[in-house]
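> here's my sequence, what's the structure:
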Amino acid sequence: MLINAKKYIRSHKCIVLLFGIIILGFSYFRLRPIYFQTVAYTYDQGRDMLKAAEIVLYKNPTFIGPTTGIMGLFHGAWWYYYLSFVFLLTGGAPIYFYVGSFIVHTVTFVAMFWFLHKYFSTYTALVISLLVAVSPYFISAHIFIGNNILVLPFLALFLGVHFVLLETMPKQKRNQKFLFLLAGLSLGLVAEFEFAFGLLLIPLYVILIAITNLKQIMMKQKNILYVLGGLLIVFFPRILFEVKNNFSQTRTLLSFITHPKLYDPKPYSELLVDRAFMLMNFYRSLFPNLFTLVIVTLFLVFTALFLVKTKKAVYKDFFMFVIYLIFGLFVMSVLYRDNFWANYYEGFPYFYLALIAVCLVNLPKKITRVVSIFFLVVLFFVLGQKIYGSFGQAPVFDGLVKQQTVVDYVVKQSPQELACVRVYTPPVIPYTYDYLFQFNERKGTGLRTTKDWVDDACWFIIESDSFFERQQNWIKENVPQQGTRINQKIIGDISIELWKASQ
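Numbering: from 1, shown residues only. Okay, the predicted model is just below:
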C-alpha cells in the first residue's frame, strides 16, 4: 500500500500540491482561533464539558444527551460519550475539545476529497474542497463544539453511502450489506446529534424509499433489515432510557405531535417565506463573497438548462435524491408552525455541495475543465486574500480566552487553598466557570472554590448583560450591601471584585 501511495504521488504531483495548499488553508482558518483560544465558550459548552468529566471521573454513564427545545425530549447520549473520549485522551483541558472537533472535521474533509476524486473527478474534488476550506459556514461550524455540529460528518456519510447505493450498487453483483448498515448508522447519528433534524429526516427517508429507486434496493434480499439494525444500534441508549423511565420521551413526543405547544405560531404564508429564507441563508453562507455566490449560481442555472435540453444526466438518481431531500425537508419545516432555528438543519449546505458536484460532471469534459479551472483560480485568490488580510488583524479578545483569563486572575490573587467565588452570567447558571475552576483544581495548580464565604471574603465575577435589571437583582441578592470592595479588576466587559463582609 505504501508503494502504491508513492506511485500515486509521483504521477499526480500537481493534484497533491494543490490539495496540500487547500488543506493548509483549511487548517489555517480553523486552527488560528483555536491557537488564540478565541473560540465560543458558553453555557452549553460548559454544561457538556462538566457532563463529560462526570462520566469519566465518577464513572456515571448516561443514556440521554442535552435537552432539546421540547421539554422532556433529549438529544442522544453519543455526544456526551464523544466528549468523554476526548476528555479521557487529553485530561479535559477545555481547548482540546475544540482540537478534537477540528480533527473530526479534517478527517471528514480528507475523506470527502477522496470520495469525490474516486467517483466524480479530480477537478470536482479540488473545487468542492477549496470551497469548503474558505466557506464561512464551514469555518464557523468547524471551530464550534455542540451536539448539532457532529451532524456534519454523519450527514456527509449519509449522502456518500446513498450515492454508492443509488449509482454503483445496481451495477455490482455483490450485495454489500455493510453499506446498508452504514445507511442506518448515519441516519440514526444525524438524529441523535440533532433530534429535530432526525425527527423530520427519518419520516421523509421512509417516503423516499417508497417513491425512489431505493425501494428496489432496500427490499432486495431484505437489505432494509440492515438499515433498521444500524438505527437500532444508534438508538440503543435511548431505548434503555425509555424502558427505565416508562417511555417518558415517547409519550412526550406523541403528545407534542397530537397536541403541539406553540409559543409563537405563524400563518403558513409567513412560514413559507421564513423557511425559504433559512434555506437561502444556508446557501449564501456557503460562499466567501458575493462574486463566488453569483458565478456558482449562474453555473448551476446554466447546467440545469443544459440538462433539460439534452435530457441526459450523469448520476441522475442521486441528483434527484438530493433534490427530494431539499424539497422534502423544506416542506417538513413548513409543517411546524412555531419558530424553526437554523441549527435544526445543521449541515444543510452539504446538500448544495452535492448538487454542485453532480453539475460539474454533467457538462462536456472540455467545458468542465475550463469551468473548474476558473473556479479554482477564483477560490485560490479568495484563499490568499483572506489569509493575507488576517495577518494584520489582532485576534478578538473574547470567548474561551477571556473567561480563562478571568479564572487565572482569581487563582493568582487567592493565596488560600479555598476561596469563595460567586459568578453571574446572563444564563444565570455559570457552567462555564464551574468547569474552568474544576479543571484548574484537577491540575493541582489551582484552588478549590465554594459559594460560601471564606474568612469573611468572597470573589464576585460579574459578566455584562443586556438585561440590566436581571443583573442588578442578582447583585442585590449576592453582594453584601454593608460589605467593602477591596479589589476590582476589569477584564474585557467582565468585572472581578473581591468583597470583605462587614463585622
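
> all contacts plus neighbour counts: C-alpha atoms, from now on.
Noted.

> so how far is residue 324 from residue 207?
Per Cα to Cα, to the nearest Å, residue 207 is found 10 Å from residue 324.

> compare these two (neighbour count), which wins?
For residue 207 versus residue 324, the count of surrounding residues by other Cα atoms under 10 Å is larger for residue 324: 17 against 14.

> helix or strand for that one, just tell me which one.
Element membership of residue 324, judged by DSSP states H and E, is helix 316-335.

> which outside residues touch that helix?
Counting by Cα atoms under 8 Å, 6 or more residues apart in numbering, helix 316-335 makes contact with 162-163, 166-167, 200-201, 204, 208, 212-213, 268, 271-272, 275-276, 279, 340, 351, 354-355, 358, all of which sit outside it.

> send the alpha carbons of it over as PDB?
Output in PDB follows, covering the C-alpha atoms of helix 316-335 (Å, rounded to 0.1, in the frame of the first residue of the first chain):
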ATOM      1  CA  LYS A 316     -29.400  11.300 -12.200                       C
ATOM      2  CA  ASP A 317     -30.800   9.100  -9.400                       C
ATOM      3  CA  PHE A 318     -28.500  10.600  -6.800                       C
ATOM      4  CA  PHE A 319     -29.200  14.100  -8.100                       C
ATOM      5  CA  MET A 320     -33.000  13.600  -7.700                       C
ATOM      6  CA  PHE A 321     -32.400  12.000  -4.300                       C
ATOM      7  CA  VAL A 322     -30.700  15.200  -3.100                       C
ATOM      8  CA  ILE A 323     -33.400  17.400  -4.700                       C
ATOM      9  CA  TYR A 324     -36.100  15.400  -3.000                       C
ATOM     10  CA  LEU A 325     -34.300  15.800   0.300                       C
ATOM     11  CA  ILE A 326     -34.000  19.600   0.000                       C
ATOM     12  CA  PHE A 327     -37.700  19.900  -1.100                       C
ATOM     13  CA  GLY A 328     -38.900  17.400   1.400                       C
ATOM     14  CA  LEU A 329     -37.100  19.000   4.400                       C
ATOM     15  CA  PHE A 330     -38.400  22.400   3.300                       C
ATOM     16  CA  VAL A 331     -42.000  21.100   3.300                       C
ATOM     17  CA  MET A 332     -41.400  19.300   6.700                       C
ATOM     18  CA  SER A 333     -40.100  22.600   8.200                       C
ATOM     19  CA  VAL A 334     -43.200  24.500   7.000                       C
ATOM     20  CA  LEU A 335     -45.500  22.000   8.700                       C
END
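
> please begin residue numbering at 102 from this point
Got it, the first residue is 102 from now on, which makes the last one we talked about helix 417-436.

> report the distance from the helix or strand following it to the chain centre.
Toward the C-terminus, helix 417-436 is succeeded by helix 450-461 as the next helix or strand (DSSP H and E). Between the centre of helix 450-461 and the centre of its chain there are 19 Å (Cα atoms, centre = their mean, to the nearest Å).

> ditto for stretch 571-583
37 Å.

> one more: stretch 356-375?
So, by Cα atoms, centre = their mean, the centroid of stretch 356-375 is 25 Å from its chain's centroid.

> what do you get for stretch 186-195?
19 Å.

> other residues contacting that stretch?
150, 153-154, 157, 197-198, 201, 537, 540.

> same thing with stretch 217-232?
Applying Cα under 8 Å, 6+ apart, the contact partners of stretch 217-232 are 116, 119-120, 123, 127, 210, 213-216, 387-388, 454, 457-459, 461-462, 470, 473-474, 476-477, 480-481.

> buried ones in that stretch?
Neighbour-count burial for stretch 217-232 flags 217, 221-232 (criterion: 16 or more other Cα atoms under 10 Å).

> pLDDT and distance to residue 496 for these - can I get that in a markdown table?
As requested, those are exported to a markdown table (pLDDT from 0 to 100; distance: Cα to Cα, whole Å):
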| residue | pLDDT | distance to residue 496 |
| --- | --- | --- |
| 217 | 96 | 35 |
| 221 | 94 | 39 |
| 222 | 91 | 38 |
| 223 | 92 | 36 |
| 224 | 92 | 35 |
| 225 | 94 | 34 |
| 226 | 95 | 32 |
| 227 | 96 | 30 |
| 228 | 96 | 29 |
| 229 | 97 | 28 |
| 230 | 97 | 26 |
| 231 | 97 | 24 |
| 232 | 97 | 24 |
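
> in helices only, show me these.
Taking DSSP state H, the ones among the buried residues of stretch 217-232 that sit in helices are 217, 223-232.

> and the pLDDT at the most centrally placed residue in the chain?
The centre of the chain sits closest to residue 250, judged by Cα atoms, centre = their mean, with a distance of 1.3 Å. The per-residue pLDDT reported for residue 250 equals 96.

> show me the contacts for it.
Residues near residue 250 by Cα under 8 Å, 6+ apart: 242-243, 294, 447-448.

> between these, which sits nearest residue 206?
Using Cα to Cα, residue 243 comes nearest to residue 206 of the contacts of residue 250, at 6.4 Å.

> residues near that closest one, how many?
24.

> which of the helices and strands in the chain ranks last by mean pLDDT?
Of the helices and strands making up the chain, the lowest-confidence element is helix 103-112, at a mean of 55, by mean pLDDT, DSSP states H and E.

> following the chain onward from that one, which element is next?
Counting by DSSP H and E, the element after helix 103-112 in chain order, helix or strand, is helix 114-137.

> which helices and strands does that next one pack with?
helix 195-220, helix 223-235, helix 237-243, helix 466-492 (3 or more Cα pairs under 8 Å, 6 or more residues apart in numbering; DSSP states H and E).

> deepest-packed of the ones you listed, please.
helix 223-235 (a mean of 23; mean count of other Cα atoms under 10 Å).

> CA atoms only for that one, dumped as PDB, please.
In PDB, the C-alpha atoms belonging to helix 223-235 read as follows (Å, rounded to 0.1, in the frame of the first residue of the first chain):
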ATOM      1  CA  THR A 223     -10.200  15.400  -9.700                       C
ATOM      2  CA  TYR A 224     -11.400  18.800 -10.800                       C
ATOM      3  CA  THR A 225     -14.700  18.300  -8.800                       C
ATOM      4  CA  ALA A 226     -12.800  17.100  -5.700                       C
ATOM      5  CA  LEU A 227     -10.500  20.200  -5.800                       C
ATOM      6  CA  VAL A 228     -13.300  22.700  -6.400                       C
ATOM      7  CA  ILE A 229     -15.600  21.400  -3.700                       C
ATOM      8  CA  SER A 230     -12.700  21.000  -1.200                       C
ATOM      9  CA  LEU A 231     -11.500  24.500  -1.800                       C
ATOM     10  CA  LEU A 232     -15.000  25.900  -1.400                       C
ATOM     11  CA  VAL A 233     -15.300  24.100   1.900                       C
ATOM     12  CA  ALA A 234     -11.900  25.400   3.000                       C
ATOM     13  CA  VAL A 235     -12.900  29.100   2.500                       C
END
